[in-house]
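Visitor: Okay, predicted coordinates and the sequence, questions at the end:
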Amino acid sequence: MSNTVRVYELSRETGLANKEVLRRLAELDIEASSHSSSITLGDAQRFRESLGRRTTEDDEEERRRREEARRLAELDLSAVGAPERKKAAKVLPPHLRAQQEAQEQGEAAVAAAAAPTVEAPQPPAEPATAEPIEEPGPALAPEPQAPAARTSTAEPQAPAARMPGAPPPPAPAGEAPRPTPPGVRMPGAPPPPTVTGQVPRARRVVEPRLPQEGSGRRSIPPPVRAAPTRRPSEPGRGAPGRPAAPGRPSSPYRQPVGRGTPGTPTPSAPPAPGRGAPGGAPPGRGAPPRPAGKKRKKGRKTQPQEQALDFQPRQRRDEPLATDVERVEVLSGITVDELAKKLDLSGAALVKKLFQMGEMVTVQQSLPDDTVEILCDELGVDVYFATEQELEFGIEEPDDPADLEPRPPVVTVMGHVDHGKTLLLDAIREADVVSGEAGGITQHIGAYQVRKDGKQITFIDTPGHEAFTAMRARGAQITDIAVLVVAADDGVMPQTVEAINHAKAANVPIVVAVNKMDLPGADPDKVKGQLTEYGLIAEDYGGDTPTIQVSAKAKQGIDELLEILLLQADLMELSANPRKEARGRVVEAHLDKGRGAVATVLVQAGTLHVGDVVVAGVADGKVRAMFDEKGSPIHEAGPARPVQVLGWNDVPEAGDEFRVADEERVARDIAERRAERQRRKELVEQQRPKTLEDLAAEVERGEVARLNLIIKGDVSGSVEALDDALTQLDVSDLDGLVEVRVVHKGVGAVTANDVTLAEASDATIVAFNVRPDANAREAIERSGVDLRSYRIIYEAIEDIERALKGMLGPEVREVVLGEAEVREIFRVPRAGFVFGCMVTDGEVRRGSSVRVVREGVVVADDRVESLRRFKDDVREVSAGYECGIGLARFQDVKSGDVLEVYEAREVERV
């Protein structure tokens, strides 16, 4: 069911025009611009409740029409003779049945009833002054002089009184009522019940005349007289004619007078003065409908006024906002406008409520979580702070036990740096990966799946260096079993303790692997004793922590370790539902020049297929291809299966949860919304470029300094590790004089855009295992942006830490001499490989350092051992010439690689 209502629907429902509905909505501070605008159900209800105001406006219009009718009636009565007045007086009663019939039959009815009424007032035409005062005396006793004044005006019109031919007493009665009744008649009119036929008529004439002829004072009483009690009393007082009077006031009275007006000689203005005395009786007769009408009219007017008064409190009642919503699910940092939509309220109303609570906010401003909780508590709404995935994909329903199937365990290898984690995993999967790591230290995270006794085991390798805390924490969150590798000769080290804490925080069982048992100084008992301090008691010590002695290098204890892992998995009864949309985590991601963004993901539930639309963080895409850990293409991946996924539009961040979306449009919208939220958080200051030397100088001067960094790396895990390590550097001895802020981080080669951002934000570029492209180098030379390249993570950390502390040693500057592109590869007997190259920039010198750059990523760092042009050994080769280059150690060069030749020069800092 829709939570909104269109304006045109309200128009059809209420019978009002669209413009009128829009006007009334604007009066209620409800935003609506056209007939097709939508408003909330709460606002629609407020509009319906406010429709009581219609009566107020209708009665105002009715009052104006009656005033005009009264004015025309008086003009008509003054211009026409007594018989005509009689006619008009008699025409009114028939109108109670129908307006048109009254108009047609009015003349006959008036002729029949007018004669007796006029004859009564005729006899005392001139001496009537005393009699009228006596008759209405009970009601008009306080004002005997006013009637006399009226009689004087009536005397000139005495000749006109011949038309009615009535005795004088009625005429004065009409006169006296006219002057005094207006002000007094309100209270006095009800008392005389005996004069039912004439008194009401006299009131009719008096009431309309007094407002016109009398002062503003006299016009005031009629509203007072209009109390609703008067109307019922009058009908009770006057026989059947009184009930008719209530219906007469509005149009019935007006139309007969209008008819009479054209029918009578309006130009006869002279009779107007005469209407005071003789004409007073007929108008007095005709007057009853007017007073009754006025009373009714004013009674209606008071009712709308009361309704208006009732409506004002209703607006006040709106101040304590109310909503029919009982529960809302919101993201942390939700804006006022978004919260208002979820609460089915207007943004302006919510801003007003927050203002009353002491919060000055705008509609587009984000609210703190505690403010949202307090506000929802005030409104009686239960609030739940959901994750992005829960709001965008809905809260995942629990799986049916019948759909669950056993799945392989996910095992994370953790431990201190250089304790043999990767060697152990290498021994398990019988592959050599350590040789590719810089310094023999794992700087990436990897996932592999191996088979043991027909069962699969998924392994996740995490770095042991202190900089990779976030990566170890992520590994603990997505794992089922943690293998804690401890070197038998080193024992428990700082990162060992950290790994224990991560595993315990994730409530993951721990299996201890005491590695390097082949070394002479191995002491497993020492390791077991140290572990007891952290709550890990070995089984042979009476505890419940499996402890296996292994040697990754000698491949000892591997089978026993795998058996323990499978046994532990059987005890845990791991299962998952493979028959639903896939969900999992991004383990690693990088940018491949030939294949685009590539992400290693671990499927945690469901099955991922080629062709599925996926979203992970701010990246989305469609699975174009999947590969297993051996590089073989696969078409689907079930629970606990690590795979490489191609087809991303952007590089996802390691640790992001990936979900399968229904279609590409939905995935794109989700990614764009996330990217927009992320962009809001990244505000960059516009300052001149600053180098580490400038920063050190500021620290030495005691100035507060900020180091802005742009981090680029080959894989997202390393970038994240650098980010965490650099922003958490221990600079306590600087007394808060310096701080580190990462303004941007990304995967891939350093580009000109990165240099532009560094120049604008006064940042230093930290390049980890990547190099700038040609455009970026030109931009660096032009702008003077500081670029630092590193291959081992702790070197970057130490360098920047020294810069922060103002203790930079001699600066080692790299001077790029030239570049050569590999065109051909030749194998020379007893000499290894020679790479046929074209020097594209600068010059290549023998003995210089060289980097092998493949698709923007540094593959190796080596030295130019031999340099030949044709068959001659040469010292250097300039740009535009071909040459043969031999490297000292690295031989895995491929066609298309770029050899970047450089020299490292030490420059003393000044």
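Guide: Perfect, thanks for sending it.
Visitor: check contacts around residue 867.
Guide: 844, 845, 846, 873, 874, 875, 876, 877, 883, 884, 885, 886 (Cβ atoms under 8 Å, 6 or more residues apart in numbering). In short, each C-beta sits where N, CA and C put it, glycine included.
Visitor: go again using 10 Å as the cut-off
Guide: Neighbour list for residue 867: 820, 837, 844-848, 873-877, 883-886, 901 [criterion: Cβ atoms under 10 Å, 6 or more residues apart in numbering].
Visitor: what does residue 376 give?
Guide: Residue 376 is in contact with 323, 325, 327, 328, 330, 339, 342, 343, 382, 383, 384, counting by Cβ under 10 Å, 6+ apart.
Visitor: In a markdown table: those, plus distance to residue 502, secondary structure and pLDDT.
Guide: Supplementary listing: the contacts of residue 376 in a markdown table, determined by distance: Cβ to Cβ, whole Å; DSSP: H, G, I helix; E, B strand; the rest coil; pLDDT from 0 to 100:
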| residue | distance to residue 502 | secondary structure | pLDDT |
| --- | --- | --- | --- |
| 323 | 43 | coil | 85 |
| 325 | 40 | coil | 85 |
| 327 | 35 | strand | 87 |
| 328 | 34 | strand | 86 |
| 330 | 30 | strand | 84 |
| 339 | 36 | helix | 89 |
| 342 | 36 | helix | 88 |
| 343 | 40 | coil | 88 |
| 382 | 34 | strand | 89 |
| 383 | 31 | strand | 88 |
| 384 | 28 | strand | 83 |
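Visitor: Only the buried subset of these, as a ChimeraX command please.
Guide: Filtering the contacts of residue 376 down to the buried ones (16 or more other Cβ atoms under 10 Å) takes a single ChimeraX command:
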select :323,325,328,330,339,342,343,383
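Visitor: for the contacts of residue 376, which one is nearest residue 799?
Guide: Closest approach to residue 799 among the contacts of residue 376 (Cβ to Cβ): residue 330, at 43.3 Å.
Visitor: hmm, back to that, kindly reformat the contacts of residue 376 as CSV containing distance to residue 778.
Guide: Converted to CSV, those look like this (distance: Cβ to Cβ, whole Å):
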residue, distance to residue 778
323, 59
325, 58
327, 57
328, 53
330, 48
339, 49
342, 51
343, 54
382, 59
383, 53
384, 53
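Visitor: quick check, nearest of the contacts of residue 376 to residue 364?
Guide: residue 339 (11.5 Å).
Visitor: Distance of residue 643 relative to residue 601?
Guide: The spacing between residue 643 and residue 601, counted by Cβ to Cβ, to the nearest Å, is 6 Å.
Visitor: Return the set of residues that bridge with the closest residue to residue 573 other than its chain neighbours.
Guide: Distances taken as Cβ to Cβ, 6 or more residues apart in numbering put residue 406 closest to residue 573, at 7.8 Å, once the chain neighbours are dropped. For residue 406, the beta-bridge partners are residue 575 (DSSP bridges).
Visitor: quick one, what contacts residue 406?
Guide: 455, 569, 570, 573, 574, 575, 576, 639, 640 are the contacts of residue 406 under Cβ under 10 Å, 6+ apart.
Visitor: what's the neighbour count on the first one?
Guide: Neighbourhood size, residue 455 [other Cβ atoms under 10 Å]: 15.
Visitor: can you check the third one too?
Guide: Neighbour count of residue 570, defined by other Cβ under 10 Å: 12.
Visitor: so when I look at it, I'm seeing a helix, right?
Guide: Yes. Counting by DSSP: H, G, I helix; E, B strand; the rest coil, residue 570 is part of a helix.
Visitor: Give me the local confidence score for it.
Guide: We have a pLDDT of 89 for residue 570.
Visitor: Please tell me how far it sits from residue 767.
Guide: For residue 570 relative to residue 767 (Cβ to Cβ), the value is 47 Å.
Visitor: now the last one
Guide: Applying Cβ to Cβ, one obtains 35 Å for the distance of residue 640 from residue 767.
Visitor: picking up where we left off before, give me the buried entries from the contacts of residue 406.
Guide: Judged by 16+ other Cβ under 10 Å, buried ones among those: 569, 574, 576, 639, 640.
Visitor: Quickly list what's touching both of residue 643 and residue 601.
Guide: 447, 584, 587, 608, 623, 626, 637.
Visitor: circling back: among residue 643 and residue 601, which residue is more densely surrounded?
Guide: residue 601 (28 against 25).
Visitor: The more buried one pairs with what?
Guide: residue 586, residue 643.
Visitor: residues contacting it?
Guide: 447, 582, 584-589, 608, 614, 616, 623, 626, 637, 641-645, 652, 656-658.
Visitor: Can you read off the pLDDT for it?
Guide: So residue 601 comes in at 90 (pLDDT).
Visitor: ok, it to residue 615 distance?
Guide: Where residue 615 is concerned, residue 601 sits at a distance of 12 Å (Cβ to Cβ).
Visitor: how does this structure divide up, domain by domain?
Guide: 63-301, 319-386, 408-573, 583-663, 692-809, 813-907 (automatic domain parsing).
Visitor: Going by mean pLDDT, which of those comes out lowest?
Guide: domain 63-301 (a mean of 46).
Visitor: May I have stretch 707-715 exported as CSV, CA atoms only?
Guide: What follows is stretch 707-715 as a C-alpha-only set of coordinates in CSV (Å, rounded to 0.1, in the frame of the first residue of the first chain):
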residue,chain,number,x,y,z
LEU,A,707,51.1,15.5,7.0
ASN,A,708,48.7,14.7,4.2
LEU,A,709,49.4,11.4,2.4
ILE,A,710,48.2,9.8,-0.8
ILE,A,711,48.8,6.1,-0.8
LYS,A,712,49.0,4.0,-3.9
GLY,A,713,49.7,0.3,-3.9
ASP,A,714,49.6,-2.8,-6.1
VAL,A,715,46.8,-4.5,-4.0
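Visitor: Tell me which residues of it come out buried.
Guide: In stretch 707-715, the ones that count as buried by 16+ other Cβ under 10 Å are 707, 708, 709, 710, 711, 712, 713, 714, 715.
Visitor: Reformat those as TSV; add secondary structure and distance to residue 797.
Guide: As requested, the buried residues of stretch 707-715 are exported to TSV (DSSP: H, G, I helix; E, B strand; the rest coil; distance: Cβ to Cβ, whole Å):
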residue	secondary structure	distance to residue 797
707	strand	13
708	strand	17
709	strand	12
710	strand	16
711	strand	12
712	strand	16
713	strand	13
714	coil	17
715	strand	17
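Visitor: hmm, which two among those are most spread apart?
Guide: 707 and 715 (23.8 Å).
Visitor: Which single one of the contacts of residue 406 is nearest to residue 505?
Guide: residue 574 (20.0 Å).
Visitor: Test my guess that the closest one contacts residue 640.
Guide: Yes. Between residue 574 and residue 640 there is a contact under Cβ atoms under 10 Å: 7.7 Å.
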